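Undergrad: build me a model:
(chains A, B, C and D)
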Protein chains: 2
Amino acid sequence: MMRAAPRPVESHALQRLSALAPLDAMSIGTIRLALGQTLHVRARRDILTEGTPITNPRMIVSGWAARVRLLGDGRRQILSFLLPGDLIGVCNQPSPLAVSTVTAITEIGVCPLPPACEAPALAQAYTMSLALESAYLLDQIARLGRLSAQERIYSLLLEIHERLQLNGMAEAGAFDVPLTQEMMADALGLTSVHVNRMLQIARRQGDLQWRNGRVKLINPAELARQIGRSPARVSAVQLRDRFRLNRSQS
Amino acid sequence: MMRAAPRPVESHALQRLSALAPLDAMSIGTIRLALGQTLHVRARRDILTEGTPITNPRMIVSGWAARVRLLGDGRRQILSFLLPGDLIGVCNQPSPLAVSTVTAITEIGVCPLPPACEAPALAQAYTMSLALESAYLLDQIARLGRLSAQERIYSLLLEIHERLQLNGMAEAGAFDVPLTQEMMADALGLTSVHVNRMLQIARRQGDLQWRNGRVKLINPAELARQIGRSPARVSAVQLRDRFRLNRSQS
DNA sequence: CGCGGCATTGAACATCCTCAATCCTCGTGG
DNA sequence: CCACGAGGATTGAGGATGTTCAATGCCGCG
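TA: The predicted structure is shown next:
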């Protein structure tokens, strides 16, 4: 499913962390060390199971994963997507349990969380990451609770766009999205049939293109305005490098 | 709206914290000190505004608040409810911004967060509290995404029941809920009209009673089974005192 | 008594779902 | 090179679940 990546794939996680906090050489060294221990997990494999003790915090290096909740009767809700640079199982409780199952969507690279004990900048980045993660969870709640199907789709794609920009995986509104319509549906509280229909409308209206797993938002800013979405902000300190790659667009 | 409480009202926050982690005398002293500085906020007042810098972390002492997201056109989503013992604006970022507006639902008592720097047990309790909070956010996502209106109502009431048990505000499946049907609707992604209809069915089926702001779940365990809900668990260490007050029931 | 806020009701309607068939694409094996 | 199979996308028809709008009831309070 995943072909060889066109560029050094580990760089995305590093780019994200260094966008979350200014990293010193020490931190970067620690990160590289951890990246060297990256292991790969096949698509569809669980890498964490709800209710299970969390042994080791990790970081997504490449590929996409999803936090999932299963309901006894087969219904499934994707709580959030995990992209390169996102953290897994980070918390400082004594005997933490996973609060959700995490499943690999594509084949993914996962490395142990670079230890932050001697790198305050890293700890800083993790704090920001957690804050962002929880902000996106709140967005997801508002999305499911109060947006129409069409709006939910735009909102989710805009979020993904925003997050992929942070780690350098999006350019000029275009980015890879290895999701089936059914996964979109499971994330958005819809059925795949309905997602399909709404996507067709979106394409017909010229709001986006979606071919071969690649999405292009024709006018992200306008879309965001239209559904009243503003980028997630969790700190008065500006995230670095954001939108750097997208100056060209409008 | 709020009458004088029948019992020492500050005890609920304390009870919650000590259920989250075993507190030493030092911690309890710190808490009492903070409780002494409790200020009151009128119902409907905002105590935090989305996008605004967070100045001081606080704790709910009495009453209910809600984390809210407003959509430009008047749509409103309640992200979560804040009950006595819940924390507000806790995070260790440098310049944190509020990610959601917090509004008082009833008149509430709020005190500064008891400082945990010299009380590791307190820090522990806060960590648990944050973990629980995020677990409940995930529940909320699954609720909005994949449950029917009827199931959402049961699920939310069960969550509230569970949380009120933790801080000693529920007994034998009965507890005060100062919510209008419209607030329920805003939390559940429904309209108040529909909440009304579903509640009538629930009452008619003998699943619950709801009079004068007091809810009684006739058979919480059976309800939970029916919608496939299990209590939130974030740590392998058992929360203390849970259900202590409810041995009588079934 | 009259007012305000909330709960309740009805009828018409929109959105989204279900079920099932069909199409498309792509990789496999003959 | 082509038939085949699998997974995903697309389509249609009918139906369920929730919404909208507007009226009415209820109840505590000044």
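
Undergrad: could you measure from the closest residue to residue A:228 other than its chain neighbours over to residue A:151?
TA: Spatially, and ignoring its direct neighbours in sequence, residue A:228 is nearest to residue B:72 (4.2 Å; CB to CB, 6 or more residues apart in numbering or on different chains). C-beta coordinates here come from the backbone N, C-alpha and C atoms, glycine included. Counting by CB to CB, to the nearest Å, the gap from residue B:72 to residue A:151 is 12 Å.

Undergrad: and the next helix or strand past the worst-scoring helix or strand of chain A on mean pLDDT?
TA: Least confident helix or strand of chain A, by mean pLDDT, DSSP states H and E, is strand A:170-171 with a mean of 94. As assigned by DSSP states H and E, the chain's next helix or strand after strand A:170-171 is strand A:174-176.

Undergrad: for that following strand, buried residues please.
TA: A:174, A:175 (16 or more other CB atoms under 10 Å in any protein chain shown).

Undergrad: pull up the pairing partners for it, direction included.
TA: Using DSSP bridges, the strands paired with strand A:174-176 are strand A:170-171 (antiparallel), strand A:214-217 (antiparallel).

Undergrad: does DNA strand D have contacts with the last one?
TA: Translated: strand A:214-217. No. Using CB under 7 Å from any atom of the strand, we find that strand A:214-217 stays clear of DNA strand D, coming within 11.4 Å at best.

Undergrad: pull the distance from that strand to the chain's centre.
TA: Here the centre of strand A:214-217 is set off from its chain's centre by 16 Å, with CA atoms, centre = their mean, to the nearest Å.

Undergrad: pull out the buried positions in it.
TA: Neighbour-count burial for strand A:214-217 flags A:215, A:216, A:217 (criterion: 16+ other CB under 10 Å).

Undergrad: okay, and residue A:115 sits in which element?
TA: Secondary structure assignment for residue A:115, by DSSP H and E: no helix or strand.

Undergrad: list the contacts for it?
TA: A:30, A:34, A:122 (CB atoms under 8 Å, 6 or more residues apart in numbering or on different chains).

Undergrad: just checking, the last one touches residue A:114?
TA: Yes. Assessed by CB atoms under 8 Å, residue A:122 is found in contact with residue A:114 at 6.1 Å.

Undergrad: just how off-centre is the host helix or strand of residue A:225 within its chain?
TA: Element membership of residue A:225 [criterion: DSSP H and E] is helix A:220-227. Distance of helix A:220-227 from its chain centroid, counting by CA atoms, centre = their mean, is 20 Å.

Undergrad: on that earlier part again, look up how far DNA strand C lies from the residue nearest to residue A:228.
TA: Distance, residue B:72 to DNA strand C, using CB to the nearest atom of the strand, to the nearest Å: 18 Å.

Undergrad: repeat that for residue A:99.
TA: According to CB to the nearest atom of the strand, residue A:99 and DNA strand C sit 25 Å apart.

Undergrad: would you mark the buried spots in stretch A:206-220?
TA: Of the residues in stretch A:206-220, those buried (16+ other CB under 10 Å) are A:207, A:208, A:210, A:215, A:216, A:217, A:218, A:220.

Undergrad: can you pick out the most distant pair from these?
TA: A:210 and A:220 (14.1 Å; CB to CB).

Undergrad: thinking again about what came up before, I'd say the residue nearest to residue A:228 and residue A:227 touch.
TA: No. Look at residue B:72 against residue A:227 with CB under 8 Å: they stay out of range, at 9.1 Å.

Undergrad: those two: which has the busier surroundings?
TA: residue A:227 (18 against 9; other CB atoms under 10 Å in any protein chain shown).

Undergrad: mind listing what that one touches?
TA: Counted by CB under 8 Å, 6+ apart, residue A:227 has contacts A:147, A:151, A:154, A:155, A:158.

Undergrad: just residue A:118 next, same as before
TA: A:26, A:30.

Undergrad: can you tell me how far it is from residue A:26?
TA: According to CB to CB, residue A:118 and residue A:26 sit 7 Å apart.

Undergrad: please state the backbone phi and psi of residue A:109?
TA: In terms of degrees, to the nearest 10, the main-chain angles of residue A:109 are phi -100, psi 130.

Undergrad: kindly tell me how buried it is, as a neighbour count.
TA: For residue A:109, using other CB under 10 Å, the count is 20.

Undergrad: repeat that for the one 4 residues further on.
TA: The burial count assigned to residue A:113 is 19, neighbours taken as other CB under 10 Å.

Undergrad: next, the buried residues of the longest helix along chain A.
TA: Longest helix of chain A, by residue count under DSSP state H: helix A:120-146. The neighbour-count check on helix A:120-146 (16+ other CB under 10 Å) flags A:121-146 as buried.

Undergrad: again, but for stretch A:82-102
TA: A:82-91, A:93, A:96-102.

Undergrad: before we move on, what about stretch A:160-180?
TA: The neighbour-count check on stretch A:160-180 (16+ other CB under 10 Å) flags A:160-170, A:173-175, A:177, A:179 as buried.

Undergrad: that older thread, the least confident helix or strand of chain A: how far from the chain's middle?
TA: Taking mean C-alpha positions (CA atoms, centre = their mean), strand A:170-171 and its chain are 14 Å apart.

Undergrad: and the pLDDT for residue A:10?
TA: Per-residue pLDDT puts residue A:10 at 70.

Undergrad: which pair in the buried residues of stretch A:160-180 spans the largest distance?
TA: Once CB to CB is applied, these give A:168 and A:179 as the farthest pair, at 19.7 Å.

Undergrad: now residue A:42. Nearest residue, chain neighbours left out?
TA: Spatially, and ignoring its direct neighbours in sequence, residue A:42 is nearest to residue A:107 (5.6 Å; CB to CB, 6+ apart).

Undergrad: show me what contacts the nearest residue to residue A:73 once chain neighbours are set aside?
TA: Counting by CB to CB, 6+ apart, the nearest residue to residue A:73 once its immediate chain neighbours are dropped is residue B:228, at 7.3 Å. Counting by CB under 8 Å, 6+ apart, residue B:228 makes contact with A:71, A:72, A:73.

Undergrad: how much space is there between the closest residue to residue A:132 other than its chain neighbours and residue B:98?
TA: Distances taken as CB to CB, 6+ apart place residue A:234 nearest to residue A:132, at 5.6 Å, with adjacent residues excluded. Going from residue A:234 to residue B:98 by CB to CB gives 9 Å.

Undergrad: residue A:203 belongs to a helix?
TA: Yes. Counting by DSSP: H, G, I helix; E, B strand; the rest coil, one finds residue A:203 located in a helix.

Undergrad: was I right about it contacting residue A:215?
TA: No. Counting by CB under 8 Å, residue A:203 does not reach residue A:215; the two are 10.6 Å apart.

Undergrad: joint contacts of the two?
TA: Counting by CB under 8 Å, 6+ apart, the residues touching both residue A:203 and residue A:215 are residue A:209.

Undergrad: near DNA strand D, which residues of chain A show up?
TA: Contact residues, chain A versus DNA strand D (CB under 7 Å from any atom of the strand): A:180, A:181, A:182, A:192, A:193, A:196, A:197, A:199, A:200.
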